[in-house]
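A.B. asks: Requesting a structural model of the entry that follows:
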Amino acid sequence: MTGDVNLNRWNWVCFCVHFLQGVAAILTTLFLENAKDFRVPLLTHYAKWIEDVGPTNDTQHVTLVPFAAVTCAVPFLSAIAHLCMALSGYSETSQSAYSTHIRTLKNPYRWIEYAVSSTLMFFLISLLFSLYDLLLLIALMIMNITVMWCGYLMEKYNTEKTLKNETDWTFFHFGCLIAVSQWAILWSTVFDTSSTMPALIWAVIGTYFVLFMSFAINMAYFYGRTKSGLNGTKNAYLDSERWYMILSLVSKSLLLWLILFGVNQPSTYTNANLI
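C.D. replies: Reported below is the predicted structural model:
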């Protein structure tokens, strides 16, 4: 069985699993009352001037986020991306943009999908850990998108031709620096969280942290194997591409159900009207 067939098959499999999980998530949410009504706030902080006191911190409630509904959107985003790649199909002779990119050891469509879906997942996890400040969340989301952009640039500037000489790790290092920074911000809130926090919520952040880092490991492993022009670079890239699909499918599946069942609990904002 050729690598071409395997790659196309994986795209179709991932599309079907993501799509079916999205449908199942919606149906599940409809039967979980607390999950359906679970809301978390978005806030902004600004300076309010008080005479004889000076500027003081004030808070504005922007809105309440329907958590489960937003979570259900994640598998559909991934399903759409895999459907587009599956319909394009990969082969050594195809002139499709997808095939051309894969033959040159890059997949910009994967990074576009990650920039959307993983950023949304990081946004949701941040909300779970009480990062409600809208401006901080926007900054964290931009950081996550930048990490994905660094991944794309890593592939763009490390072609099969350049890899015969040396791998350029510049963008990999920049991406790791930004990723460490965004996770440091999130973990800083975790360490201040009450020890009574449900174990399931710890499982969410622990699972996502490990799986998030595994994507970088997969990339590092591929480029480590191609050092000094390793023979079979294209086959190695196809293997790497399949591992990206597996990691993406596993991480989003686990987090989808961990989050949905994790928010099936009463909260201050359950059944609250939007502000």
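A.B. asks: Please list all residues in contact with the residue nearest to Leu30 when sequence neighbours are not counted.
C.D. replies: Leaving aside its sequence neighbours, Leu30 sits nearest to Lys36 (CB to CB, 6 or more residues apart in numbering; 6.4 Å). For glycine as for every other residue, the C-beta is placed from the backbone atoms N, C-alpha and C. Neighbouring residues of Lys36 by CB atoms under 8 Å, 6 or more residues apart in numbering: Thr29, Leu30, Ala68.
A.B. asks: The residues you listed in helices, which ones?
C.D. replies: Thr29, Leu30, Ala68 (DSSP state H).
A.B. asks: most neighbours, which of those residues?
C.D. replies: Within those, most neighbours by other CB atoms under 10 Å means Ala68, with 24 neighbours.
A.B. asks: can you map out the strands along the stretch 151-275 of the chain?
C.D. replies: Counting by DSSP state E, counting those that start in this stretch, no segments of the stretch 151-275 of the chain form strands.
A.B. asks: Give me the below-cutoff pLDDT ranges for it.
C.D. replies: Filtered on pLDDT under 70, the stretch 151-275 of the chain yields the residue ranges 190-198, 200-201, 226-232, 265-275.
A.B. asks: Which pLDDT value goes with the residue of the chain positioned farthest from its centre?
C.D. replies: Distance from the centre of the chain peaks at Asp52, with 47.2 Å (CA atoms, centre = their mean). In this prediction, Asp52 carries a pLDDT score of 72.
A.B. asks: For it, which three-state class applies?
C.D. replies: coil (DSSP: H, G, I helix; E, B strand; the rest coil).
A.B. asks: just the one 4 residues further on next, same as before
C.D. replies: Here Thr56 is recorded as strand under three-state DSSP.
A.B. asks: For it, give me its contacts.
C.D. replies: Ala47, Lys48, Trp49, Ile50.
A.B. asks: looking at it, the first one is touching Gln60, isn't it?
C.D. replies: No. Taking contacts as CB atoms under 8 Å, Ala47 lies outside contact range of Gln60: 11.7 Å.
A.B. asks: Contacts only, for Trp70.
C.D. replies: No Trp there; residue 70 is Val. If a contact means CB under 8 Å, 6+ apart, then Val70 has Leu120, Leu124 as its contacts.
A.B. asks: mind listing what's buried in the one helix or strand it maps to?
C.D. replies: Counting by DSSP states H and E, the element that carries Val70 is helix 67-88. Residues 67-68, 71-72, 74-83, 85-86, 88 are the ones in helix 67-88 that count as buried (16 or more other CB atoms under 10 Å).
A.B. asks: Quick one: the helices in the stretch 1-150 of the chain, in order.
C.D. replies: Taking DSSP state H, counting those that start in this stretch, the helices of the stretch 1-150 of the chain run over residues 3-31, 33-37, 67-88, 97-103, 108-128, 134-157.
A.B. asks: Go through these and name the closest to Met245.
C.D. replies: helix 3-31 (5.0 Å; CB to CB).
A.B. asks: ok, now which ones touch Gly89?
C.D. replies: Applying CB under 8 Å, 6+ apart, we find Gly89 in contact with Asn8, Ser96, Tyr98, Ser99.
A.B. asks: correct me, but the third one touches Ala86?
C.D. replies: Okay, so that is Tyr98. No. Contact between Tyr98 and Ala86 fails when scored by CB under 8 Å: they sit 9.4 Å apart.
A.B. asks: related to what we said a few turns ago, which of the contacts of Gly89 scores worst on pLDDT?
C.D. replies: Ranking the contacts of Gly89 by pLDDT, Ser96 lands last with 87.
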